[in-house]
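[1] I'll drop the sequence and a predicted model, then ask my questions.
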Amino acid sequence: MAGRARGAAPLRQVDPRARIVSALAFAVVVTGLSTLGALALAMAAALLALGCSGLPAARTLKRMAMMDGFIIFMLLILPFSTPGTPALTLPFGVVATVEGFRLAVEIGLTANAVILMLMALVGTMEPVMLGHALARLRVPRALVHLLLFTVRYIEVLRAEYARSRVAMRARAFRPGSNRHTWVSLGHLIGMMLVRALERSERILQAMKCRGFTGRIPLLDDFSWQATDRRFCALFGLGLLALVALEVALVHLA
Amino acid sequence: MSILLELEDIQFSYPGQPPVLRGASLGLAAGERVALVGPNGSGKSTLLRIALGLLRPARGTIRAFGETRQREADFVDLRRRIGLVFQDPDDQLFCPTVAEDIAFGPLNLGHSRAEALRMVDQVLDQLALGHLRDRITHHLSGGEKRLVTLATVLVMRPDVLLLDEPTNALDPENEERLLAILQALPQAILLVSHDPGFRARLVQREERLVNGQVSGNSGGT
């Protein structure tokens, strides 16, 4: 399993472990920022990372906007629910406050900067490579195994589900809002659970046949190189700059 | 010829069901190729699993390589020397890449990474599967999966191969290829297969499993 892709976008050539740790550090620092200046810089850094990640910009930003869908209502309500200086008065005496707008922008910037950096650094990894990198970062073995097994078997389960659905259609099943549909889909899900359980037992047997004792040896060729040191140093400096800007802005205010 | 594997008077039932095996006995000698035939649900796969200690019989003895095997610890080295190829390749291939999956066994046996990778390349060469080395296991075709599962077992250098319906879902071309590989192997083989043509070309002897008991008859050559 190659840890880095030669000739690909610059960020993809960085060791996966460095990318995961950097994304995590970025998330911790950015959630601690509160001045709009520092947050804007963080957002700019995330956009820069996106540029260096080789991800298609338009599609990635669209995915980021999908994440915004989860917090949009909170962002819309915040200006009206936060007490403070009135900024805008709507009919029926609904008042939006300056503090509320500020808070909404702050949360929006934080969330988008973090998710964008995560997609640029970690989202570009193959799931399998992510598993290997997590294992090398000493994430508990059970969690890594869980991730790797999910990667391996989700397609098998999906194919099984698709086959069952085709088999149902072949016998003239048409889903609707009725008892028959719910019972049939219940049977389908129940049967998939039973089959998955039985399959997991067979897999364990097959693993035992090959001497499994609780450890899955992973083959990877991660190697820490000068590029990775440079990346970490640069990333660390960037985080320091964010913190410095934050402190300076707080003192100025 | 020395008897490698001997099952005697095996009784087994799954919880809440009538017994599948009622005193089944079976022996396999070095270099011998035997087919086990019988109707669906007659307990053929169950017998293979019992031979490897994956299921425990209610009664009966399992002797392999001159020793009686009872406890889990007895079966650990037996599982290295007897390789089971499962009916569904998706049960057996669980690692992301082909090389990792084949290396899983050798690494478990305590071989170093470099040794394991050398063994991987060796067995891939032997089966002429070198081109699949770095492929993702769940993207393989049915035939490729079958041949790779054989590789994952052969890399452990077993003395006996147990094959559970190896020709399931293979096209004639892949079936021919599998047959050629198996015919060239020195290992003793116990084959479970519903395919009379395949059996006739691989084994010297057939055993029938009916009503939970094995009754021999010499078929094939």
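    Arrived safely, thanks for sending.

[2] doesn't residue A:88 lie inside a helix?
    No: under DSSP: H, G, I helix; E, B strand; the rest coil, residue A:88 sits outside any helix and is assigned strand.

[3] is it true that it touches residue A:96?
    Yes: with contact defined as C-beta atoms under 8 Å, residue A:88 reaches residue A:96; the gap is 4.2 Å. Yep, even glycine has a C-beta here, placed from its N, CA and C like the rest.

[4] look at the two and report which has more neighbours.
    Neighbours per residue, other C-beta atoms under 10 Å in any protein chain shown: of residue A:88 and residue A:96, the larger number sits with residue A:96, 19 against 13.

[5] what are the phi and psi values at the more buried one?
    phi -100, psi 140 (degrees, to the nearest 10).

[6] would you mind confirming that it is in contact with residue A:83?
    No: in this structure residue A:96 lies outside contact range of residue A:83 using C-beta under 8 Å: 11.3 Å.

[7] who in chain A is up against chain B?
    Those residues of chain A that sit near chain B, judged by C-beta under 8 Å from any C-beta of the partner chain, are A:1, A:128, A:131, A:148-149, A:151-153, A:155-156, A:199, A:202-203, A:205-213, A:215-219.

[8] restricted to strands, list the residues you listed.
    Taking DSSP state E, every one of the residues of chain A next to chain B sits outside strands.

[9] among the residues you listed, name the buried ones.
    The neighbour count (16 or more other C-beta atoms under 10 Å in any protein chain shown) marks A:1, A:128, A:131, A:148, A:151-153, A:156, A:199, A:202-203, A:205-212, A:216, A:218-219 as buried among the residues of chain A next to chain B.

[10] what about residue 124, how many residues nearby?
    I'll assume chain A. Under the neighbour criterion other C-beta under 10 Å, residue A:124 is assigned a count of 21.

[11] chain B was what I was after
    Number of residues near residue B:124 (other C-beta under 10 Å) recorded here: 21.

[12] could you measure from it over to residue B:103?
    Residue B:124 sits 11 Å away from residue B:103, taking C-beta to C-beta, to the nearest Å as the criterion.

[13] got it, and residue A:108?
    When residue A:108 is compared with residue B:103 (using C-beta to C-beta), they lie 47 Å apart.

[14] neighbour count: those two, which is higher?
    Remark: of residue A:108 and residue B:103, residue B:103 carries more neighbours, 25 against 18, as counted by other C-beta under 10 Å.

[15] residues touching that one, list them.
    Applying C-beta atoms under 8 Å, 6 or more residues apart in numbering or on different chains to residue B:103 gives the contacts A:217, A:219, B:113, B:116-117, B:119-120, B:155.

[16] please repeat the previous calculation with a cut-off of 10 Å.
    Taking C-beta atoms under 10 Å, 6 or more residues apart in numbering or on different chains, we find residue B:103 in contact with A:217-219, B:95, B:97, B:111, B:113, B:115-120, B:152, B:155.

[17] residue A:239 too?
    Applying C-beta under 10 Å, 6+ apart, one finds that residue A:239 lies in contact with A:22, A:25-26, A:28-30, A:42, A:45.

[18] with neighbour count added, can I get the residues you listed in JSON lines?
    What follows is those, written out as JSON lines (neighbours: other C-beta atoms under 10 Å in any protein chain shown):
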{"residue": "A:22", "neighbour count": "23"}
{"residue": "A:25", "neighbour count": "16"}
{"residue": "A:26", "neighbour count": "25"}
{"residue": "A:28", "neighbour count": "11"}
{"residue": "A:29", "neighbour count": "18"}
{"residue": "A:30", "neighbour count": "24"}
{"residue": "A:42", "neighbour count": "27"}
{"residue": "A:45", "neighbour count": "21"}
